[in-house]
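*Asks:* Return a 3D structure for these sequence lines:
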Amino acid sequence: MNTNRRVLDLFSCAGGAGWGYHLAGFEVDGCDIADRPRYPFGYRRGDALEYLAALIASGEIERYTLVHASPPCQAGCALTVGTNRSQDWGGAHVDLVAPTRTLLEASGLPYVVEQPNGRAEIRKDLTLCGEAFGLGVLRHRNFELGRWATMQPAHPKHRGYVRGYRHGIYRNGPYVAAYGEGGGKATVPEMQYALGITWTDVREELTEAIPPAYTKWIGTAFMTARQEVIA
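*Replies:* Predicted coordinates for the structure are as follows:
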């Protein structure tokens with residue numbers, strides 16, 4: 001069994017997920033089709049699925065312990081689904097969840113697939129919320145776990161509203177809306193603080209980021225499960 005602690009972080013964006021695995025004790029390599037100069041680890045720019053397929057074909061995938069993937073699935077995202085319906089827009093958004101899973105299965109490695117709340121077709125083996133980690137955002141995220149398992153942690157009750165306007169009414173609250181602009185949404189410094197991300201100040205990257213606390217928890221749970229199997 002591979003005894004290394006190395007994660008392949010696919011569709012890595014600016015590295016929110018990767019940083020969490022780093023905090024859990026993993027070495028991290030990222031891959032994203034966009035230029036991500038602020039990504040804090042070793043990084044390859046290119047098509048994530050093509051890169052994964054090449055690693056599998058060459059056998060280089062074996063240097064990894066775990067693969068994390070956050071494939072785009074705007075067609076299933078709750079925000080874009082609602083907007084598309086209200087505007088009578090078409091469904092031209094990219095959905096890479098199924099082909100990502102196919103390659104992850106072919107890799108032979110344990111894996112994690114992350115998606116926001118919505119209609120993306122993944123198993124919700126884990127659902128994590130910022131409140132569980134004392135964060136200033138809720139940012140619910142679902143995770144499908146392949147070739148390993150762990151228990152779902154308790155989902156604590158939210159302490160109040162997300163600050164900002166909804167349906168023309170302003171509410172204050174302990175959480176910030178870490179997306180968009182105006183309407184009481186978070187400033188970039190507020191987003192950085194709430195998410196636990198300091199290495200990028202690009203709003204688009206912060207909007208998409210997974211809070212590192214989530215993948216720190218997942219990475220720790222993975223190593224615990226792995227040690228139990230070895231024992």
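*Asks:* Could you pull out the buried residues of the strand or helix carrying residue 98?
*Replies:* Using DSSP states H and E, residue 98 sits within helix 97-107. Using 16 or more other CB atoms under 10 Å as the test for burial, helix 97-107 gives 97, 100-101, 103-104, 107. C-beta coordinates here come from the backbone N, C-alpha and C atoms, glycine included.
*Asks:* what's the answer for stretch 199-218, then?
*Replies:* Under 16+ other CB under 10 Å, the buried positions of stretch 199-218 are 200, 203, 205-218.
*Asks:* Also stretch 117-132?
*Replies:* For stretch 117-132, the neighbour count (16+ other CB under 10 Å) marks 118, 120, 122, 125-126, 128-132 as buried.
*Asks:* so where do the helices sit in the protein?
*Replies:* Using DSSP state H, the helices of the chain run over 16-23, 48-58, 78-87, 97-107, 188-195, 203-208, 212-230.
*Asks:* hmm, who's touching the last one?
*Replies:* If you take CB atoms under 8 Å, 6 or more residues apart in numbering as the criterion, helix 212-230 is touched by 1, 5, 7, 16-26, 66, 68, 110, 112, 126, 128, 130, 133, 135, 141, 143, 148-150, 153, 195-197.
*Asks:* Okay, and which of the residues you listed map to strands?
*Replies:* Taking DSSP state E as the definition of strands, the contacts of helix 212-230 contribute 7, 66, 68, 112, 126, 128, 141, 143.
*Asks:* Give me the neighbour count for the nearest residue to residue 165 once chain neighbours are set aside.
*Replies:* Ranked by CB to CB, 6 or more residues apart in numbering and with sequence neighbours excluded, the top spatial neighbour of residue 165 is residue 183, at 4.4 Å. By the measure other CB atoms under 10 Å, the count of residues near residue 183 is 12.
*Asks:* cool, and the one 10 residues further on?
*Replies:* When counting by other CB under 10 Å, one arrives at 17 neighbours for residue 193.
*Asks:* Quick check: chain neighbours aside, which residue is closest to it?
*Replies:* Closest to residue 193 by CB to CB, 6+ apart is residue 136, at 6.5 Å.
*Asks:* Need the buried ones from the ones in strands among the contacts of helix 212-230 selected in ChimeraX.
*Replies:* For the buried members of the ones in strands among the contacts of helix 212-230, the matching ChimeraX selection, counting by 16+ other CB under 10 Å, is:
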select :7,66,68,112,126,128,141,143
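*Asks:* ok, the residue nearest to residue 165 touching residue 164?
*Replies:* Yes: under the criterion of CB atoms under 8 Å, residue 183 makes contact with residue 164 at 5.3 Å.
*Asks:* where do the contact lists of the two overlap?
*Replies:* Residues touching both residue 183 and residue 164 (CB under 8 Å, 6+ apart) are residue 177.
*Asks:* from memory residue 32 sits against residue 48, does it?
*Replies:* Yes: contact between residue 32 and residue 48 holds when scored by CB under 8 Å: they sit 6.8 Å apart.
*Asks:* Make CSV out of the ones in strands among the contacts of helix 212-230 and add pLDDT.
*Replies:* As requested, the ones in strands among the contacts of helix 212-230 are exported to CSV (pLDDT from 0 to 100):
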residue, pLDDT
7, 98
66, 98
68, 98
112, 98
126, 97
128, 98
141, 97
143, 98
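*Asks:* pLDDT below threshold where in the protein?
*Replies:* Applying pLDDT under 70 to the chain picks out residues 1-3, 74-93, 230-231.
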